[in-house]
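Q: Build me a structure from this.
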Amino acid sequence: MSTDQAPPERSRSHPLIPPEWLLAGLRPSAAPVPWAAAARAGIGLAAPLAVGWIMDEPEYGALVSMGALAAVIGDTADAYRMRVYNIAVPQFFGAVGVALGTLVYGHGWVAVAALTLVALVSGMISSIGTVASVSGLLLLLNAVVGAGLAMPEPWWTAPVLLTAGGLFVLLLTLLGWPLRGRGPERAAVAATYRSLADLLEAAGGPTYEERRQEVTQALNQAYDLVLGRRARVHGRSPVLVRLLAQLNVVIPLVEAAPAAHQRGRPLPPSIPAAVRELAEAVEEGRTGTGELDLGLAPPSTPSERAIEAALRHAAAIVHTPDPDPYNVDDRLGRPAALRIRVRRNVRDLMFSRESWRYGLRLALCIGLAQSLVSLVEVERSYWVALTVTFVLKPDFGSVFSRAVLRALGTAGGLVVAAAVLSEVPRGGWDVPVMVVLGALIPIFSVKGYAFQTAAITPVILLLSDLLNHQGFDLVRPRLLDSLIGCAITLIAGYLLWPESWHSRVGDRLAHAVDDAARYVERAFRPDLGIDEDRLRAARVVRVQARRRIYRDMSAVRSEFQRALTEPPPTGTRAAAWWPLVVAVERVVDATTAARVRVDHGAAGPPAAEVAAIAGELRELAAVVRADRDPDSLRDAVPEGEDEDEGVLEPLRQEVAGARAIASARL
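A: Prediction:
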């Protein structure tokens with residue numbers, strides 16, 4: 001049983017070589033340079049400084065640039081509507097935060113209590129979703145800044161200036177909307193077709209698993225963009241209806257890919273070439289006859305029939321200029337109405353254990369940080385709480401590794417900041433320097449957390465100097481405060497919490513195995529006695545279940561990859577479970593392949609055989625969840641039939657492989 005994409009293991013012959021979990025965070029990613037984002041960041045951060053110096057109000061310019069910095073960091077979406085949410089909503093929370101901080105500035109223990117309460121709220125709302133997470137982060141960050149720095153009077157000045165900076169970056173972002181319009185959505189759908197072409201090209205080869213992961217990620221992103229917009233403009237935007245129709249017809253091809261991979265030999269080159277041609281048509285908005293000339297012999301096996309039928313149907317839909325908006329189903333389901341989502345989020349916020357756990361952990365660390373700087377004189381003390389806030393974001397990555405990486409990134413950024421503060425005179429020279437430093441933030445952010453910290457540090461120091469006029473004297477306290485904040489986070493936010501030392505990755509994996517068992521049962525649920533409409537509805541339900549489990553497995557993989565950056569025992573346990581993650585993905589693939597073969601002529605499996613396989617998976621889930629002795633698994637897998645006699649034989653082999661991996665690992 002192959003365990004593709006297993007985490008690399010580094011043999012260390014010298015004790016001074018850093019551990020692998022730390023090196024993983026220090027390796028820059030291979031992401032392309034976001035030139036447009038770099039240009040926006042440089043202009044967005046430097047222009048307010050230029051206006052501030054022209055008006056002889058550099059402090060006001062620095063506050064506007066601080067608001068712009070928050071918007072630059074939060075501008076991570078592709079679709080313009082989502083970028084509006086990602087920037088505008090957090091800016092509102094940031095304005096509330098700085099207003100609260102300004103009102104308690106200089107009030108001693110009242111400020112400590114207020115920031116602790118804000119930290120609790122910030123942590124709890126961060127569990128709702130991505131935009132809420134950024135909003136909670138900005139709420140607490142600006143509250144800490146407002147409580148630690150003297151802001152201009154009256155109290156509403158700082159919130160207005162910070163919000164103006166964020167809105168300025170939002171304006172720069174939206175300048176391309178009239179020209180690009182649906183560009184991000186169309187590009188995402190076309191990217192899905194290209195990743196699918198790579199998957200079909202890799203069928204039967206060793207890189208298939210990696211290509212399948214890329215297809216899953218591309219589908220997730222495309223559906224998020226298209227369905228997110230369609231929730232508001234459903235039935236009124238022909239462009240979005242067409243994009244959704246083009247995205248939906250990818251599904252049969254994705255389902256057919258595992259069946260083609262099981263054949264063990266490459267597909268004809270004309271098939272991935274045809275899919276790439278469809279990608280070009282999607283991106284360019286071309287229409288046509290939709291006729292394909294693949295030059296292939298008539299299909300003779302279920303997998304061949306599935307590939308050809310899905311490809312010809314995709315070609316017909318891609319080249320259709322005006323699909324029926326009322327005959328395009330949402331394969332993942334349309335987003336719920338706004339009131340339903342708000343009610344659901346409020347319920348999760350108030351009654352979720354994870355929400356309270358993270359909120360209390362963040363409140364404890366912020367309370368300790370503020371209490372410490374109230375009892376002990378710490379220069380530039382608000383940076384202690386800022387460091388705690390940045391580091392203690394579990395949804396952004398490992399707490400432990402982020403603390404270490406932040407310390408390293410801060411040290412690197414201080415080298416640049418020291419040169420700027422000591423050699424560049426304050427005044428007009430700040431503007432070109434900020435253009436360069438601001439542009440580096442998006443470029444370094446895509447490389448990793450330590451690189452992002454190194455890029456943001458000199459920007460924050462330069463803006464702080466414009467507010468406090470301390471120059472080079474800011475450098476030493478910045479490093480000291482960051483180290484204190486990292487220490488508080490590691491002790492109170494990591495070491496004192498049992499879940500930090502008792503990894504939950506086994507539980508998460510057990511849930512995934514249970515989901516795989518349910519997927520097997522749903523995929524082969526009997527359809528006898530059902531009319532054509534109900535058969536079509538049953539197929540849609542199966543498609544939704546397949547997309548849901550692939551999305552969930554992608555989330556499991558991401559969670560494990562994050563756990564791999566933790567020190568032992570969490571990192572080593574995640575590494576031990578990793579082969580089983582891959583094995584469960586292969587079980588899901590084999591289930592999909594078997595369903596495709598049944599849909600295209602193969603004999604359906606007996607219900608007892610389906611129930612037996614689902615039972616084996618549930619037993620495996622129980623073993624993983626309980627961490628008990630897996631000896632009973634070794635002889636539990638019954639003998640399977642020959643491949644020609646049973647459509648589920650490949651699935652049986654994958655289940656047997658998963659159970660064997662569990663037996664070896666537990």
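
Q: Okay, now the unreliable bits of the stretch 1-150 of the chain?
A: Judged by pLDDT under 70, the stretch 1-150 of the chain has its weakly predicted residues at 1-25, 77-80.

Q: Could you pull out the strands in it for me?
A: Here the stretch 1-150 of the chain has no strands by DSSP state E, counting those that start in this stretch.

Q: so where do the helices sit in the stretch 1-150 of the chain?
A: 20-26, 35-54, 58-74, 80-103, 109-125, 130-148 (DSSP state H, counting those that start in this stretch).

Q: any chance of those in TSV, with distance to residue 264 and mean neighbour count too?
A: All C-beta spots, glycine's among them, are computed from the backbone N, C-alpha and C. Conversion of the helices of the stretch 1-150 of the chain to TSV gives the following (distance: least, CB to CB, whole Å; neighbours: other CB atoms under 10 Å):
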stretch	distance to residue 264	mean neighbour count
helix 20-26	34	18
helix 35-54	43	21
helix 58-74	47	26
helix 80-103	41	22
helix 109-125	50	21
helix 130-148	40	25
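
Q: Including distance to residue 303, could the ones you listed go into JSON lines?
A: Output for the helices of the stretch 1-150 of the chain, formatted as JSON lines (distance: least, CB to CB, whole Å):
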{"stretch": "helix 20-26", "distance to residue 303": "38"}
{"stretch": "helix 35-54", "distance to residue 303": "42"}
{"stretch": "helix 58-74", "distance to residue 303": "45"}
{"stretch": "helix 80-103", "distance to residue 303": "38"}
{"stretch": "helix 109-125", "distance to residue 303": "48"}
{"stretch": "helix 130-148", "distance to residue 303": "38"}
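
Q: Which of these sits closest to residue 460?
A: Using CB to CB as the measure, helix 58-74 is the one of those that comes nearest residue 460, at 7.6 Å.

Q: Dump the closest one to PDB, keeping only the CA atoms.
A: What follows is helix 58-74, C-alpha atoms only, in PDB (Å, rounded to 0.1, in the frame of the first residue of the first chain):
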ATOM      1  CA  PRO A  58       2.700  63.100  10.400                       C
ATOM      2  CA  GLU A  59       0.900  61.500  13.400                       C
ATOM      3  CA  TYR A  60      -2.300  61.500  11.500                       C
ATOM      4  CA  GLY A  61      -0.600  60.000   8.400                       C
ATOM      5  CA  ALA A  62       0.900  57.200  10.600                       C
ATOM      6  CA  LEU A  63      -2.500  56.300  12.000                       C
ATOM      7  CA  VAL A  64      -4.000  56.100   8.500                       C
ATOM      8  CA  SER A  65      -1.100  53.900   7.400                       C
ATOM      9  CA  MET A  66      -1.700  51.600  10.400                       C
ATOM     10  CA  GLY A  67      -5.300  51.100   9.200                       C
ATOM     11  CA  ALA A  68      -4.000  50.500   5.700                       C
ATOM     12  CA  LEU A  69      -1.500  47.900   7.100                       C
ATOM     13  CA  ALA A  70      -4.400  45.900   8.600                       C
ATOM     14  CA  ALA A  71      -6.200  46.000   5.300                       C
ATOM     15  CA  VAL A  72      -3.100  44.800   3.400                       C
ATOM     16  CA  ILE A  73      -2.700  41.900   5.700                       C
ATOM     17  CA  GLY A  74      -6.400  40.900   5.400                       C
END
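
Q: returning to that earlier point: who wins for proximity to residue 437 among the helices of the stretch 1-150 of the chain?
A: helix 35-54 (7.5 Å).

Q: quick revisit: which stretch among the helices of the stretch 1-150 of the chain comes nearest residue 572?
A: That would be helix 20-26 among the helices of the stretch 1-150 of the chain, by CB to CB, at 9.1 Å.

Q: Any idea which of the helices of the stretch 1-150 of the chain gets closest to residue 497?
A: helix 109-125 (13.0 Å).

Q: Relative to residue 194, which of the helices of the stretch 1-150 of the chain is closest?
A: Nearest of the helices of the stretch 1-150 of the chain to residue 194, taken as CB to CB: helix 35-54 at 21.0 Å.

Q: Could you tell me how far the closest one lies from the centre of the chain?
A: Between the centre of helix 35-54 and the centre of its chain there are 28 Å (CA atoms, centre = their mean, to the nearest Å).

Q: got it, and stretch 476-483?
A: On CA atoms, centre = their mean, the centre of stretch 476-483 falls 31 Å from that of its chain.

Q: cool, and stretch 208-224?
A: Chain-centre distance of stretch 208-224: 13 Å, with CA atoms, centre = their mean.

Q: So which bits of it are buried?
A: 208-209, 211-224 (16 or more other CB atoms under 10 Å).

Q: which stretches of the stretch 401-550 of the chain have low pLDDT?
A: Applying pLDDT under 70 to the stretch 401-550 of the chain picks out residues 469-474, 498-504, 527-536.

Q: I meant to write the stretch 151-300 of the chain there.
A: For the stretch 151-300 of the chain, counting by pLDDT under 70, the residues that fall below are 178-182, 228-237, 289-297.

Q: Show me the helices in it, by range?
A: 157-174, 177-180, 183-202, 208-233, 238-248, 250-262, 270-284.

Q: how many other residues sit next to residue 309?
A: Using other CB atoms under 10 Å, residue 309 has 16 other residues around it.

Q: Is it inside a helix or a strand, and which specific one?
A: Assessed by DSSP states H and E, residue 309 sits inside helix 302-318.

Q: for that helix, packing partners?
A: When contacts are defined as 3 or more CB pairs under 8 Å, 6 or more residues apart in numbering; DSSP states H and E, helix 302-318 packs onto helix 238-248, helix 250-262, helix 270-284, helix 570-599.

Q: Give me the buried stretch members for the next helix or strand after the last one, please.
A: Spelled out, it's helix 570-599. Next helix or strand after helix 570-599 toward the C-terminus (DSSP H and E): helix 607-626. For helix 607-626, burial by neighbour count (16+ other CB under 10 Å) applies to 609-610, 612-614, 616-621, 623-625.

Q: In the residues you listed, which has the lowest confidence score?
A: Ranked by pLDDT, these bottom out at residue 625, which has 80.

Q: Residues touching the helix holding residue 309, excluding its own?
A: 200, 245-246, 248-250, 252-253, 255-256, 259-260, 262-263, 267, 271, 274-275, 278, 281-282, 290-292, 294, 296, 299, 323, 593, 596-602 (CB atoms under 8 Å, 6 or more residues apart in numbering).
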